[in-house]
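> Predicted coordinates and the sequence they were generated for:
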Amino acid sequence: RYSLCVALTVNRYLAAWVVEGSYDTDEFYDFIAQDLPHMNPYPQEHSVLVLDNCRIHHNRDLVDLVEE
């Protein structure tokens, strides 16, 4: 079994990462850390990061990384 995490725009994908099994908090953090350089401050293009209430999204280090 594999899990896929993708960063998308309305026109294309920016990044994709596949892991064997399920994502954990550290793997998701690594994906976002890798993808963040492709993003811009709001309201520029590629500036919105959408996360739901998934447990792996509840990570103080992730919040700190995004808010830098």
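That came through, no problem.
> going forward, measure contacts and count neighbours with C-alpha atoms only.
Fine.
> Give me the helices and strands touching the lengthiest helix in the chain, please.
As assigned by DSSP state H, the longest helix anywhere in the chain is helix 25-35. When contacts are defined as 3 or more CA pairs under 8 Å, 6 or more residues apart in numbering; DSSP states H and E, helix 25-35 packs onto strand 13-20, helix 60-67.
> and the last one, how far from the chain's centre?
Per CA atoms, centre = their mean, to the nearest Å, the displacement of helix 60-67 from the mean C-alpha position of its chain is 11 Å.
> neighbouring contacts of that helix?
By CA atoms under 8 Å, 6 or more residues apart in numbering, the surrounding residues in contact with helix 60-67 are 29, 32-33, 36.
> Averaged pLDDT, that helix. What do you get?
Helix 60-67 carries an average pLDDT of 90.
> tilt between that helix and helix 25-35?
Angle, helix 60-67 to helix 25-35, by axes from the mean of the first three to the mean of the last three CA atoms, to 10 degrees: 10 degrees.
> in helix 60-67, what's buried?
Judged by neighbour count using 16 or more other CA atoms under 10 Å, the buried positions of helix 60-67 are L62.
> thinking again about what came up before, what's the angle between the longest helix of the chain and strand 13-20?
150 degrees.
> residue closest to the middle of the protein?
For the chain, I32 is the residue whose C-alpha lies nearest the centre (CA atoms, centre = their mean; 3.6 Å).
> Need the per-residue pLDDT for that residue.
91.
> before we move on, what about V19?
With respect to pLDDT, V19 scores 94.
> pretty sure it is touching F28, no?
No. At 9.9 Å, V19 does not count as touching F28 under the criterion of CA atoms under 8 Å.
> And for Y29, the neighbour number?
Residues lying near Y29 (other CA atoms under 10 Å) number 19.
> Only C-alpha atoms, please: export stretch 22-34 in PDB.
Presented in PDB, the C-alpha positions along stretch 22-34 are these (Å, rounded to 0.1, in the frame of the first residue of the first chain):
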ATOM      1  CA  SER A  22       0.600   5.900   5.500                       C
ATOM      2  CA  TYR A  23       2.000   9.300   6.000                       C
ATOM      3  CA  ASP A  24       3.100  10.200   9.600                       C
ATOM      4  CA  THR A  25       3.700  13.600  11.000                       C
ATOM      5  CA  ASP A  26       7.400  13.700  10.200                       C
ATOM      6  CA  GLU A  27       6.900  12.500   6.500                       C
ATOM      7  CA  PHE A  28       4.100  15.100   6.000                       C
ATOM      8  CA  TYR A  29       6.400  17.800   7.500                       C
ATOM      9  CA  ASP A  30       9.200  16.800   5.100                       C
ATOM     10  CA  PHE A  31       6.800  17.100   2.200                       C
ATOM     11  CA  ILE A  32       5.600  20.600   3.200                       C
ATOM     12  CA  ALA A  33       9.200  21.700   3.900                       C
ATOM     13  CA  GLN A  34      10.200  20.500   0.400                       C
END
